[in-house]
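Peer 1: Below are the sequence and a predicted model for it; my questions follow.
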Amino acid sequence: MSLVSDTPAWQTLTDLANTLSSTHMRELFAQDAQRAEKFTAQACGITLDYAKNRITQDVMQALVALANQQQVTSKRDAMFGGAIINNTEQRAVLHTALRNFSGKPVMVDGVDVMPDVLATQEKMRQLVNKIHSGEHKGYTGKAITDVVSIGIGGSFLGPKIMTEALKPYWYKGIKVHFVANVDGCHIADVLAERDIETTLFLMSSKSFTTQETLQNTLTAKDWFLQHGGSQTDIALHFMAISSNIKAATDFGIAEENIFPMWDWVGGRYSLWSAIGLPIALALGYEHYRALLDGAFAMDEHFQQAPLEQNLPVIMALLGVWYVNFFGAQSHVLLPYYHYLRGFPAYIQQLDMESNGKSVTTDNQTVDYATGPVIWGSEGTNGQHSFHQLIHQGQVLIPADFMLPLRVPHNIGPHHAMLASNCFAQTQALMQGKTFDEAKAELATKGLDTAELDALARHKVMPGNKPSNTLLFEQLDPKTLGALVALYEHKVFVQGAIWGVNSFDQWGVELGKVMGNEILDKLENATAPLSFDSSTNQLVERFRAAN
Ligand SMILES: O=P(O)(O)OC[C@H]1O[C@](O)(CO)[C@@H](O)[C@@H]1O
């Protein structure tokens, strides 16, 4: 098969991008009073206004033609149907089965996975209720008040960020804490404030081989044993979530305390599995279930809505448009909602670990970018920091703004101020400010002509900077579930267009192997070194200091 960059649909888009490069979005808005209406789509409590993009209806049609040419819908159906689409690991990709409430079976290798999925959800529900009711007690008979979740990557980001995003829904009486980094400062800080009698540790690792998670759990176990807990008490205080049951039991976790997951769930897609247990403990099972319901609703939308009205497809196509036809190298996420402040970091793993690839599923090296750098932080903080570069810098950075229309507080004018900042940023990015407008603003400042011209040049804002605005009625668990699934499917569609396998992550493996080799040399201070001279020197300096 030819690369997507050699296809007619790609050429059409290249031509359209050239034509459109001389047209400012101000003109596109001036030409069409219905522009906002035409470029707005809605689903699952989310409204996407994508009118402030460098697009026309011709562009959107050509992008949809690209999606059709790349067989996005049949690839989508293959994923939902349990086909082995992760071809380098020979795995199905079925995080969608974890939120499948259709009552229909999902088959992998001729076996329906739904009974195991539902049984695990029931086991989670029972544990959450036992902990919240105080029925599950610590070894001294006290109720559990704190949960420490240990995991990294997808076994950390989803649980932590979704828990944080749903703070208004937290169950009173339980606090959930997260440890990811192997940096001992992290676990030391978390343990220092815990009461051994009332703390439950959850070890989350799909593979049960991840260095950071294994070491942090060993440290937690040592702490438990050193502070009065015994080997038999461990069963009341340590549980695990893993697809590697044997490794978990070998590690010392009682089999009944292991929540299973499966190799058809990718790490960065695993919050819907028992990896989401910390979320369920923080919120209560009903709210956790609503999160899954929201994702299921988005799955249905993704499968059923025409491509032109399909939220994940539209967002994916706009991303491809900027990455491949305007050379955008990054994409910024700007949640205007404090509790959603971690969302950019979540999408960073989802997007960059999925599509940061160079070879297609049919083993060809690509000659185009397969994804931008994803970054961002909460509004309005970014406005007083990096927005300057988005407004006036020489790099194109498409943005996703996010705002709940209603918030769980009613404190003075805060929410209207927040919303006005969000909307104003999208407006300023699109509209910009011309030289004449800048000069007119300075007219009353008493400057001479040369001074006025010089200063006005600095105040020019080019505008024509693209953004999407995502509005939610409110960020309840169901809407958050839909939002996460929206981005998952966006990433899927982009991977389908670029022809890459979005579900492996070989790029992270080499560092792990080399890290272990270096650890060996750090722990054996006399072992000869045969790395490159820089690495040798770094190891020697570490040895000298320790
Ligand atoms: O759940 P595990 O197996 O400990 O893996 C944690 C993370 O490590 C990665 O494999 C890569 O670092 C991620 O994809 C994954 O989410």
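Peer 2: Right, received. Where do you want to start?
Peer 1: C-alpha from now on. contacts and neighbour counts both.
Peer 2: Will do.
Peer 1: residues near C185, how many?
Peer 2: Under the neighbour criterion other CA atoms under 10 Å, C185 is assigned a count of 9.
Peer 1: no wait, V179
Peer 2: V179 has 25 neighbours, counted by other CA under 10 Å.
Peer 1: got a list of what it touches?
Peer 2: With contact set as CA atoms under 8 Å, 6 or more residues apart in numbering, V179 has these partners: 148-152, 156, 186-187, 190, 216.
Peer 1: K246: what secondary structure?
Peer 2: When the structure is reduced to helix, strand and coil (DSSP: H, G, I helix; E, B strand; the rest coil), K246 reads as helix.
Peer 1: neighbours of it, just the number please.
Peer 2: Residues near K246, counting by other CA under 10 Å, number 13.
Peer 1: Same check on N87?
Peer 2: Counted with other CA under 10 Å, the burial measure for N87 works out to 14 neighbours.
Peer 1: With the one 4 residues further on instead?
Peer 2: Burial measure for R91: 19 neighbouring residues, criterion other CA under 10 Å.
Peer 1: list the contacts for the residue lying closest to Y339 once chain neighbours are set aside?
Peer 2: Excluding the flanking residues, the one nearest Y339 by CA to CA, 6 or more residues apart in numbering is A165, at 4.4 Å. When the contact criterion is CA under 8 Å, 6+ apart, the partners of A165 are 339-342.
Peer 1: out of these, who has the most neighbours?
Peer 2: Neighbour counts for the contacts of A165 were taken using other CA under 10 Å; the highest belongs to L340, which has 24 neighbours.
Peer 1: avg pLDDT for stretch 393-405?
Peer 2: The predicted model gives stretch 393-405 an average pLDDT of 98.
Peer 1: can you pull the buried residues of that stretch?
Peer 2: Within stretch 393-405, the residues that count as buried by 16 or more other CA atoms under 10 Å are 396-404.
Peer 1: what sits against G266?
Peer 2: With contact set as CA under 8 Å, 6+ apart, G266 has these partners: 93, 95, 503.
Peer 1: Same list (these) but as a markdown table, adding distance to V72 and neighbour count.
Peer 2: Listed next are the contacts of G266 as a markdown table, based on distance: CA to CA, whole Å; neighbours: other CA atoms under 10 Å:
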| residue | distance to V72 | neighbour count |
| --- | --- | --- |
| V93 | 15 | 24 |
| H95 | 18 | 23 |
| F503 | 16 | 26 |
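Peer 1: and which of those residues is nearest to L236?
Peer 2: H95 (29.4 Å; CA to CA).
Peer 1: Quick one: neighbours of the closest residue to the closest one other than its chain neighbours, just the number.
Peer 2: On the basis of CA to CA, 6+ apart, the spatially nearest residue to H95 that is not a chain neighbour turns out to be V265, at 5.3 Å. The local packing of V265 (other CA under 10 Å) involves 23 other residues.
Peer 1: how close does V265 get to the ligand?
Peer 2: 10 Å (CA to the nearest ligand atom, to the nearest Å).
Peer 1: Three-state assignment for that residue, please.
Peer 2: Assigned by three-state DSSP, the conformation of V265 is coil.
Peer 1: from what I can see it touches A97, true?
Peer 2: No - using CA atoms under 8 Å, V265 and A97 do not qualify as a contacting pair, with a distance of 9.2 Å.
Peer 1: For K433, state which of the contacts of A165 is nearest.
Peer 2: When the contacts of A165 are compared for distance to K433, the smallest value, 29.5 Å, is given by R341; criterion: CA to CA.
Peer 1: and the gap between the closest one and F178?
Peer 2: Applying CA to CA, to the nearest Å, the value for R341 to F178 is 16 Å.
Peer 1: Also D263?
Peer 2: For D263, the distance to F178 equals 24 Å [CA to CA].
Peer 1: Please say which of those two ends up with more neighbours.
Peer 2: More neighbours sit around F178 than around the other of D263 and F178, counting by other CA under 10 Å; the figures are 21 against 17.
Peer 1: thinking the more buried one is in contact with G158, fair?
Peer 2: No - counting by CA under 8 Å, G158 is not a contact partner of F178; they are 11.0 Å apart.
Peer 1: The contacts of V179 also near the ligand: which ones?
Peer 2: I152 (CA under 6 Å from any ligand atom).
Peer 1: What residue in the stretch 301-450 of the chain comes nearest to the ligand?
Peer 2: In the stretch 301-450 of the chain, the residue that lies nearest the ligand is E353 (7.2 Å; CA to the nearest ligand atom).
Peer 1: residues in the protein within reach of the ligand, list them.
Peer 2: Contact residues, the chain versus the ligand (CA under 6 Å from any ligand atom): 152-155, 205-208, 210, 267-268, 508.
Peer 1: try 8 Å
Peer 2: Selection of the chain residues close to the ligand by CA under 8 Å from any ligand atom yields 151-156, 204-213, 242, 266-268, 270, 353, 504-505, 508-509.
Peer 1: Mind pulling the model confidence for the residue nearest to H95?
Peer 2: Here the pLDDT value assigned to V265 is 98.
Peer 1: any idea how far A440 is from it?
Peer 2: From V265 over to A440 the distance is 58 Å, taken as CA to CA.
Peer 1: Can you tell me, leaving aside adjacent residues, what's nearest to T198?
Peer 2: Excluding its sequence neighbours, the residue lying closest to T198 (CA to CA, 6+ apart) is I144, at 4.3 Å.
Peer 1: What number of residues are in the vicinity of the one you found?
Peer 2: Number of residues near I144 (other CA under 10 Å) recorded here: 27.
Peer 1: Looks like it contacts H136 (just checking).
Peer 2: Yes - the criterion here is CA under 8 Å, and I144 meets it with H136 at 7.3 Å.
Peer 1: returning to what we had before: can the contacts of G266 go into JSON lines with extra columns for secondary structure and pLDDT?
Peer 2: As requested, the contacts of G266 are exported to JSON lines (DSSP: H, G, I helix; E, B strand; the rest coil; pLDDT from 0 to 100):
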{"residue": "V93", "secondary structure": "coil", "pLDDT": "98"}
{"residue": "H95", "secondary structure": "helix", "pLDDT": "98"}
{"residue": "F503", "secondary structure": "coil", "pLDDT": "98"}
